[in-house]
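K.L.:
The following block contains a protein sequence and its predicted model.
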Amino acid sequence: MKKSTLWIVSAVAVAVLLTVGSRWLSQRQPATEAAKTSAPATPVIELSASDVVRVQNMDMVLGLAVSGTLKASQSAMVKARVVGELMDLTVREGDMVKAGQVIARIDPTEYQARERQAKQQADAAWAQVDIAQKQFDNNKALVDQGFISQTALQNAMASLNGAKATHMAAVAALDVTRKALEDATIRAPISGQVAQRLAQPGERMALDARIVEVVNLSQLELEAALPAADAGLVRKGMKAQLKIEGQEESVTAQVLRINPSAQAASRSVLVYLGLAGHEGLRQGLFAEGLLGTRRAQALAVPLSSVRTDKSQPYVQVVDGERVRHVLVQTGTRTEKTIQNITLTWVEVSGLSEGTQVLMASAGAVREGTQVKFTAGVR
């Protein structure tokens, strides 16, 4: 090949390469610009005053967690004291009764007959006493006149004493039958409400068979089991805040008694807390809360601000203009009312006072999200 031809071929190849390269660059540049344009911007959220709260140093009640089931301080299981057919049981669950009120009867026919029998036996015994007394008086007069011996008088005295003893035994038997007749009328031992009706009219009741249960809800108790080490911190009169199922507001309870003995199986000590009954409280409801043993200052945030959707609890704090997730450790809880809003606050570590924390109303916010406050929040 001639040298001139070689140069021509090389020039054509270079021209082709330059043309293809320019076309590729022209196509790549719009794609790059489009990619830059479509890249997502940093997310921004707007926060209102209700979405943030500051970490506060507040007076916290440090204490022991307690839980248990409420029961009435006064309760009574009404049982049959005599055997017989149940009659006139009209009260049902929820009915109010007063102490001494007749709530049922057991057929008294048999016990009325026994009372008449015992009374007649007592009358007969008294007649024997009267005869023995007259015999003794006659013998005493004859002994004074010297017509009979002293031995006859002593025999008359023994007969009189025996007749009196028989009469007293008959009177005691009469008292027993009257007591049985009285027990056939069933009365409420305490004032309160009927909690259970355990028998029906017409049933034949055995001795000590249960009929109804009556509870007085004016005073309730919570029986809480505490470890022996913690029970040593408890004193009579200490206060506790309890949350009861079905009740929106917490109630205050007070330590009434502390069991002097530990439970054999668990070695725990039973502490009894009392609270006044009110509308809505019922025996058997579950309650839990905190028994305050001392007070201390601690940093706290609303419990709803502590999120648990990670392996460890954390809060969402506003750091500059962005959201940052900070791991925390929680401690004592308490209820505080701020600006007419009652919230459960929890002690936290890992934060400083005044740090802005997102409330639960802000929801889950991705770390690094930029925040924008409405006017007047900052």
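P.N.:
Thanks, I have it.
K.L.:
Using the three-state scheme, assign residue 264.
P.N.:
Of the three states, residue 264 takes coil according to DSSP: H, G, I helix; E, B strand; the rest coil.
K.L.:
To clarify, my last question referred to residue 137.
P.N.:
Here residue 137 is recorded as helix under three-state DSSP.
K.L.:
any idea what sits nearest residue 94, other than its immediate chain neighbours?
P.N.:
residue 193 (6.1 Å; CB to CB, 6 or more residues apart in numbering). In this view, the C-beta of every residue, glycine as well, is placed from N, C-alpha and C.
K.L.:
Tell me which residues of the helix or strand hosting that neighbour come out buried.
P.N.:
Assignment of secondary structure by DSSP states H and E places residue 193 within strand 192-197. Counting neighbours by 16 or more other CB atoms under 10 Å, one finds that the buried residues in strand 192-197 are 192, 193, 194, 195, 197.
K.L.:
How many residues are close by the nearest residue to the first one once chain neighbours are set aside?
P.N.:
Using CB to CB, 6+ apart and skipping the chain neighbours, the partner closest in space to residue 192 is residue 216 (3.7 Å). Other residues lying near residue 216 total 18 when counted by other CB atoms under 10 Å.
K.L.:
Same question for the helix or strand that contains residue 216: list its buried residues.
P.N.:
Using DSSP H and E, residue 216 sits within strand 210-226. Using 16+ other CB under 10 Å as the burial criterion, the residues of strand 210-226 that qualify are 211-217, 220-222, 224-226.
K.L.:
Check stretch 245-265 too.
P.N.:
For stretch 245-265, by 16+ other CB under 10 Å, it's 250, 251, 253, 255, 256, 258, 262.
K.L.:
again, but for stretch 321-331
P.N.:
The neighbour-count check on stretch 321-331 (16+ other CB under 10 Å) flags 323, 328, 330 as buried.
K.L.:
And those residues, which is closest to residue 104?
P.N.:
The nearest member of these to residue 104, counting by CB to CB, is residue 330 at 54.8 Å.
K.L.:
Show the contacting residues for the closest one.
P.N.:
306, 313, 346, 347, 348 (CB atoms under 8 Å, 6 or more residues apart in numbering).
K.L.:
So it: helix, strand or coil?
P.N.:
Criterion first, three-state DSSP; result for residue 330: strand.
K.L.:
Using the three-state scheme, assign residue 168.
P.N.:
helix.
K.L.:
Next one: it, what pLDDT does it get?
P.N.:
According to the prediction, residue 168 has pLDDT 95.
K.L.:
Tally up the residues packed near it, please.
P.N.:
Close neighbours of residue 168, defined as other CB under 10 Å, add up to 13.
K.L.:
Report the separation between it and residue 204.
P.N.:
Separation of residue 168 from residue 204 (CB to CB, to the nearest Å): 34 Å.
K.L.:
Residue 252 contacts residue 238, doesn't it?
P.N.:
No. With contacts defined as CB atoms under 8 Å, residue 252 does not count as touching residue 238, sitting 11.1 Å away.
K.L.:
Which helix or strand contains residue 122?
P.N.:
Counting by DSSP H and E, the element that carries residue 122 is helix 109-145.
K.L.:
Report the distance from the strand holding residue 193 to the chain centre.
P.N.:
Distance of strand 192-197 from its chain centroid, counting by CA atoms, centre = their mean, to the nearest Å, is 19 Å.
K.L.:
got the buried residues for the strand ranked longest in the chain?
P.N.:
Counting by DSSP state E, the longest strand found in the chain is strand 56-79. By 16+ other CB under 10 Å, the buried positions in strand 56-79 come out as 56, 60-61, 63-64, 66, 68, 70, 72-76, 78-79.
K.L.:
Next SSE downstream of that strand?
P.N.:
Sequence order places strand 84-87 as the next helix or strand after strand 56-79, per DSSP H and E.
K.L.:
which residues touch that next one?
P.N.:
The contact list for strand 84-87 (CB under 8 Å, 6+ apart) reads 80, 104-108, 110-111, 184, 199-205, 211.
K.L.:
Next secondary structure after it?
P.N.:
strand 96-97.
K.L.:
Residue ranges of each domain in the chain, please.
P.N.:
1-33, 40-55+306-378, 75-194 (automatic domain parsing).
K.L.:
Show me the one of those domains that comes nearest residue 233.
P.N.:
domain 40-55+306-378 (14.1 Å).
K.L.:
from the chain's centre, how far out does that closest one sit?
P.N.:
33 Å.
K.L.:
Quick one: mean pLDDT over that domain.
P.N.:
Averaging pLDDT along domain 40-55+306-378 gives 82.
K.L.:
what do you get for stretch 230-248?
P.N.:
Across stretch 230-248, pLDDT averages out at 87.
K.L.:
From the rest of the structure, what touches it?
P.N.:
For stretch 230-248, using CB under 8 Å, 6+ apart, the contacting residues are 61, 63-64, 66, 70, 222, 226, 250-258, 268-269, 271, 273, 275, 280-281, 285-293, 334-335.
K.L.:
got the contact list for the residue nearest to residue 294 when sequence neighbours are not counted?
P.N.:
What sits nearest to residue 294 in space, not counting adjacent residues and going by CB to CB, 6+ apart, is residue 62, at 5.2 Å. Applying CB under 8 Å, 6+ apart, one finds that residue 62 lies in contact with 292, 293, 294, 295, 296, 332.
K.L.:
Mind listing what's buried along the helix holding residue 122?
P.N.:
110-111, 114-115, 118-119, 121-122, 125-126, 128-129, 132, 135-136, 139, 143.
K.L.:
Taking the contacts of residue 330, tell me the two that lie furthest apart.
P.N.:
313 and 347 (12.1 Å).
K.L.:
Between the two, which is the more surrounded one?
P.N.:
Legend: neighbour count by other CB under 10 Å for residue 313 and residue 347, higher for residue 347 (19 against 16).
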